[in-house]
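**Q** make a model of this:
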Amino acid sequence: MAVREILLLGNKALYTTCRKVSPDEAEKAAQVIRDLRDTLDDFQRRYGYGRAVAAPQIGEPFRVICMNFGSRELTFVNPTLEFSGERFELWDDCMSFPGLEVRLLRYKRCTVNFLDAQFRPHTLVCEGDLSELIQHEYDHLDGILAVQRALDSHSFRINPEKALLCRDKAVH
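**A** Below you'll find the model as predicted:
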């Protein structure tokens, strides 16, 4: 098990555009995926929340996302998104800024084209919470954080419960 440090808001690595994973990097990608899964599982166990994590959040510059959504465990390698339909307003949070929530807009529906961990192609149509979540994680791959998508300067709030949960030294 390789639980990795989750980088926090302000770390320059979070603002880097990630590169695609090539098939000849399959071994490295597999290790990054294992580390993302272990890190997400550990965060969920410790704090009771967290649905997904992107490679740049653990300092890896690859276009990889791991997600636990309900009973589904998904891995997205080199995803691309197509948006459709209306947008909706929500309060978004992130493991890279625990306790801070940001009001922003996301699309209600999107289509994700991606490779799985074995580099097999897939297409997934996402709606509602799943659509919002994949858009959040996809932004990480382009070096964009939710705080950069805030509706305005008053679109920030602290969730005291989550802020207190993450005060220990395990989240850096």
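**Q** give me the low-pLDDT residue ranges for this protein?
**A** 1, 165-172 (pLDDT under 70).
**Q** remind me which helix or strand residue 26 belongs to.
**A** Using DSSP states H and E, residue 26 sits within helix 26-47.
**Q** how about that helix: buried residues?
**A** By neighbour count on 16 or more other C-beta atoms under 10 Å, the buried set for helix 26-47 is 29, 32-33, 35-43, 47. Using the backbone N, CA and C atoms, a C-beta is placed for each residue, glycine as well.
**Q** distance to residue 115 added to these, as CSV?
**A** Putting the buried residues of helix 26-47 into CSV (distance: C-beta to C-beta, whole Å) gives the following:
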residue, distance to residue 115
29, 9
32, 13
33, 11
35, 18
36, 15
37, 16
38, 21
39, 21
40, 19
41, 22
42, 25
43, 24
47, 30
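**Q** so which bits of stretch 95-114 are buried?
**A** 95-104, 106-107, 109-110, 112, 114.
**Q** what's the most distant pair in the residues you listed?
**A** Using C-beta to C-beta, the buried residues of stretch 95-114 span at most 30.2 Å, a distance reached by 99 and 114.
**Q** if we can go back for a sec, list of residues touching the helix holding residue 26?
**A** Outside helix 26-47, the residues within contact range by C-beta atoms under 8 Å, 6 or more residues apart in numbering are 1-4, 6, 21, 50, 52-55, 58, 60, 62, 64-68, 73, 75, 77, 95, 98, 117, 119, 162, 165-166, 170-171.
**Q** quick one: buried ones out of these?
**A** Taking 16+ other C-beta under 10 Å as the criterion, what is buried in these is 3-4, 6, 21, 50, 52-55, 58, 60, 62, 64-68, 75, 77, 95, 98, 117, 162, 165-166, 171.
**Q** in strands, which of these fall?
**A** Residues of the buried ones among the contacts of helix 26-47 located in strands (DSSP state E): 52-54, 64-68, 75, 77.
**Q** most widely separated two among these?
**A** Spatial extent of those (C-beta to C-beta) is set by the pair 68 and 77 at 16.6 Å.
**Q** quick one on the thing from earlier: closest one to residue 157 out of the buried residues of stretch 95-114, please.
**A** residue 101 (5.1 Å).
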